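Participant: Predicted model follows, preceded by the sequence.
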Protein chains: 2
Amino acid sequence: MERDKSHRDVTIKDVAKRAGVAISTVSRVLNGLDKVSAKTEKRVREAVAELGYVQNALAVSMVTGQTKTVLMVVPDFTNDFNGSVIQGAEEYLKARGYTMLISSTRDFEEEDFEKLYRRFSGLADGILVVQGSPDRMDHARWEKPLVLIDAYRPQEDHYTVEIDNERGTFLLTEELIKNGHRRIGLVGGIPGESASGRRVAGYLSAMEHFGILADRRLMAFGSHFEETGSRAMAAFLSLPEGARPTGVVAVNNLTCVGCMKVLAERGMRAGREISLTAFDDHLLARYSVPGITVIERPTIEMGREGAKVLLALLSGERPKEKRLLMESRLIRRGSVIPIGE
Amino acid sequence: MERDKSHRDVTIKDVAKRAGVAISTVSRVLNGLDKVSAKTEKRVREAVAELGYVQNALAVSMVTGQTKTVLMVVPDFTNDFNGSVIQGAEEYLKARGYTMLISSTRDFEEEDFEKLYRRFSGLADGILVVQGSPDRMDHARWEKPLVLIDAYRPQEDHYTVEIDNERGTFLLTEELIKNGHRRIGLVGGIPGESASGRRVAGYLSAMEHFGILADRRLMAFGSHFEETGSRAMAAFLSLPEGARPTGVVAVNNLTCVGCMKVLAERGMRAGREISLTAFDDHLLARYSVPGITVIERPTIEMGREGAKVLLALLSGERPKEKRLLMESRLIRRGSVIPIGE
DNA sequence: CAGAAAAATAAAAACGTTTTTATTTTTACG
DNA sequence: CGTAAAAATAAAAACGTTTTTATTTTTCTG
């Protein structure tokens, strides 16, 4: 039953011995760096093949000083958006010989970024942080290249990949207003978080632009989880007839789901009894009937571009423009009911 | 503008010098291994604090021979199920001082598992593979502890974390049959993939159990992506009246979405014009109206348990039972229409 | 064909740790 | 107070590479 544990990984030393050369020669063959005679190269390659030698990446990193690894930090893995960003980044990195470490911050709670950065320092050459924007996160502790995705911190100057969040909610709000809505509820996300903040600003800006007074009772905040959307929608629905919003803007995918959940529970539906618009084109927005009018973001591409910027930084480039703004667009579906004047 | 690049990470050597002791002493203090006088320990700890020393994990791995890292391999990151599994595993591992490397296999295509295993050998102590079951995957190449999640390969003997897939589709099919359905369509996943295979078996077994002859035209296969569901549903709907299924079983979340998409496009809905049941309780199943009757799996827990088994293996334990079967359950929603006899 | 230059290869140092072995310091005891 | 034993610390080896420096072999030139 016992496996043979005398099994030791074959090292460059073994290859050297087998080929009858010095280990430095093997290294040079493998890295194609220096001049090596054809005869020697052949011998070495044969030895490598025969022994099934594979480089010890750790040892390589040790001496070269680079790990060829990137750390990706996301709030959690169950969110569609994060998944897509990871997907985009991972594909790009893998294709370029990079390896991806990953860590979740569980919605920024409990996790101390400083601890995280200490822990991964030395393990990764660079880092991609998704939505890492609350003040509590001290990115300065990470002394290597860093790219923020879907976040922006005006007071510092990091490389970022974003979309125009403010414009996004402006469009969503405008869409409701243009359909005759005046009492419009807002489901905001986490207060101190930058993306959410910009989206709230977009809502306010649209309201002001169209000369509608924003009503405090119609603005709800919390997390960017379902529950916040549910609570908000429940609160909206329990307002007296005249104060109740006829349309709602949810600033992200999960709060939108929360809204829909409450509606479903009460036998209501977005696009029937109430209008709903939201950020991010998730499954439920796309395929529920009627579909939800949303702002679609290029999620996979955001991950890819983030990785791209990071690798550029790692190779010593320093792109002029620090903020990379991606395109987003409004997708009109049946969830917005026109209201006759 | 140029950053000061003379900045070198502080090493154990620097700490030793600062504290006026040998590096071995510093190491012993840090690892709390051997006896060190209180006075010396204090000096070392002070030096560590003053210099802000943090261990180089690479060097530690180099000499200890373990990386304290686990590799997670998933088909892709955009799938709900995978996201949850990752979430569960990552939390468990992180809490125990392990780091998580991650790699996607893009639905088993193009990616050569052997290449992947070569690449990560030496970088991780163990590996968690989600749905890695097609024959083409040669897990034997990975010579360290390995745990398969949501997969089973009868011919080999790996540690696995699964649910009873066959029973799952049996229940879904039975639910339709008990509601009077006789012509029941099946949207299968990838043929050679184990989980899909078991689920197809469950469908067939239920049909047989209730004495219904399975109809080849009512069984569709392909990938486990949306498109397969869409194609299948479209094909079902285009069958002549008498042959058209009155109920459909989709073997996973995305194919279910594909079915719903086609229905939505034609102004139809699951639970109205046709019945639909599926595997995995995704957003759309949960919150669309009516909701979809599904088999719910403990996704987060599957990730957590996988990680648990893996860490047990890493610490030398060899649990007797190699297959860990998790509980799953049928959730009844409005998508199944009772058919009068 | 001698000698110098060029090419190829080998040897050694380095990366930052842990761990084993060796040395020094302290303690205990007669 | 001298010495043996015990305790504490230091030194050195090792992990598997790359890279720099040193050495050997080959090629070229007159």
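Facilitator: Nice, thanks for sending it over.
Participant: mind showing which ranges of the stretch 201-341 of chain A have poor pLDDT?
Facilitator: By pLDDT under 70, the weakly predicted segments of the stretch 201-341 of chain A are A:341.
Participant: Could you list the contact residues of it toward chain B?
Facilitator: Counting by CB under 8 Å from any CB of the partner chain, the stretch 201-341 of chain A comes close to chain B at A:257, A:260-261, A:264, A:269, A:282-284, A:286-289, A:291. Backbone N, C-alpha and C define where each C-beta goes, glycine included.
Participant: and if you look at the stretch 51-200 of chain A?
Facilitator: Neighbours of chain B within the stretch 51-200 of chain A, by CB under 8 Å from any CB: A:54-59, A:61-62, A:67, A:69, A:76-80, A:82-84, A:86-87, A:90-91, A:94, A:99-104, A:106, A:118-123, A:143.
Participant: So which of the residues you listed sit within helices?
Facilitator: If you go by DSSP state H, those have A:57-59, A:61-62, A:80, A:82-84, A:86-87, A:90-91, A:94, A:118-120 in helices.
Participant: what about residue A:62, how many neighbours?
Facilitator: 15 (other CB atoms under 10 Å in any protein chain shown).
Participant: Chain neighbours aside, what residue packs nearest to it?
Facilitator: Spatial nearest neighbour of residue A:62, excluding adjacent residues (CB to CB, 6 or more residues apart in numbering or on different chains): residue B:58 at 5.4 Å.
Participant: on that earlier part again, out of the residues of the stretch 201-341 of chain A next to chain B, flag the one nearest to residue A:128.
Facilitator: Nearest to residue A:128 out of these is residue A:282 (CB to CB; 21.7 Å).
Participant: For the closest one, grab phi and psi.
Facilitator: Here is the backbone geometry of residue A:282 (degrees, to the nearest 10): phi -80, psi 170.
Participant: Please report the distance of it from DNA strand D.
Facilitator: 45 Å (CB to the nearest atom of the strand, to the nearest Å).
Participant: ok, now residue A:145?
Facilitator: 20 Å.
Participant: Hmm, that residue is touching residue A:317, no?
Facilitator: No: in this structure residue A:145 lies outside contact range of residue A:317 using CB atoms under 8 Å: 10.0 Å.
Participant: Those two: who's more crowded?
Facilitator: The residue with more neighbours, out of residue A:145 and residue A:317, is residue A:145; 22 against 9, by other CB under 10 Å.
Participant: Torsion angles phi and psi at the more buried one?
Facilitator: According to degrees, to the nearest 10, residue A:145 has phi -50, psi 140.
Participant: So for it, what's the pLDDT?
Facilitator: Predicted confidence (pLDDT) at residue A:145: the value is 95.
Participant: Equivalent analysis for the one 10 residues further on, please.
Facilitator: What the model reports as pLDDT for residue A:155 is 81.
Participant: Over to residue A:79?
Facilitator: Reported pLDDT for residue A:79: 92.
Participant: neighbours of it, just the number please.
Facilitator: 24.
Participant: where along the stretch 101-250 of chain A do the strands fall?
Facilitator: A:126-130, A:146-149, A:159-163, A:184-187, A:219-220, A:247-250 (DSSP state E, counting those that start in this stretch).
Participant: which strands and helices sit next to the shortest one?
Facilitator: Same thing as strand A:219-220. Using 3 or more CB pairs under 8 Å, 6 or more residues apart in numbering or on different chains; DSSP states H and E, the elements in contact with strand A:219-220 are strand A:184-187, helix A:226-237.
Participant: now what about that strand, what contacts it?
Facilitator: Strand A:219-220 is contacted from outside by A:185, A:186, A:187, A:188, A:200, A:228, A:231, A:232, A:235, A:236, using CB atoms under 8 Å, 6 or more residues apart in numbering or on different chains.
Participant: buried subset of those?
Facilitator: Neighbour-count burial (16 or more other CB atoms under 10 Å in any protein chain shown) is assigned, among the contacts of strand A:219-220, to A:185, A:186, A:187, A:188, A:200, A:228, A:231, A:232, A:236.
Participant: from memory the first one sits against residue A:248, does it?
Facilitator: Translated: residue A:185. Yes: at 4.1 Å, residue A:185 counts as touching residue A:248 under the criterion of CB under 8 Å.
Participant: Can you pull the residues that touch both of the two?
Facilitator: Counting by CB under 8 Å, 6+ apart, the shared contacts of residue A:185 and residue A:248 are A:232, A:233, A:236.
Participant: contacting residues around residue A:140?
Facilitator: For residue A:140, the contacting residues are residue A:156, by CB under 8 Å, 6+ apart.
Participant: Tell me the predicted confidence for it.
Facilitator: Reported pLDDT for residue A:140: 83.
Participant: Excluding residues flanking it in the chain, which one is nearest the residue in the stretch 101-250 of chain A that DNA strand C sits nearest to?
Facilitator: Proximity of the stretch 101-250 of chain A to DNA strand C (CB to the nearest atom of the strand) peaks at residue A:122, 7.7 Å away. Sequence neighbours aside, residue B:56 is the residue nearest to residue A:122 in space, at 4.9 Å (criterion: CB to CB, 6+ apart).
Participant: burial of the one you found, as a residue count?
Facilitator: Per other CB under 10 Å, the neighbour tally for residue B:56 reads 18.
Participant: ok, it touching residue B:11?
Facilitator: Yes: assessed by CB under 8 Å, residue B:56 is found in contact with residue B:11 at 7.1 Å.
Participant: Return the subset of the residues of the stretch 201-341 of chain A next to chain B lying in helices.
Facilitator: Within these, residues falling in helices by DSSP H are A:257, A:260, A:261, A:264, A:283, A:284, A:286, A:287.
Participant: May I see those residues organised as a markdown table, with neighbour count and distance to residue B:240 added?
Facilitator: Formatted as a markdown table, these follow (neighbours: other CB atoms under 10 Å in any protein chain shown; distance: CB to CB, whole Å):
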| residue | neighbour count | distance to residue B:240 |
| --- | --- | --- |
| A:257 | 26 | 39 |
| A:260 | 30 | 37 |
| A:261 | 20 | 39 |
| A:264 | 18 | 35 |
| A:283 | 23 | 32 |
| A:284 | 25 | 33 |
| A:286 | 18 | 31 |
| A:287 | 22 | 27 |
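Participant: from these, which is closest to DNA strand D?
Facilitator: Looking across those and measuring by CB to the nearest atom of the strand, the closest to DNA strand D is residue A:283, at 45.4 Å.
Participant: Distance from the chain centre to stretch A:196-205, please.
Facilitator: On the basis of CA atoms, centre = their mean, to the nearest Å, stretch A:196-205 sits 20 Å off its chain's mean C-alpha point.
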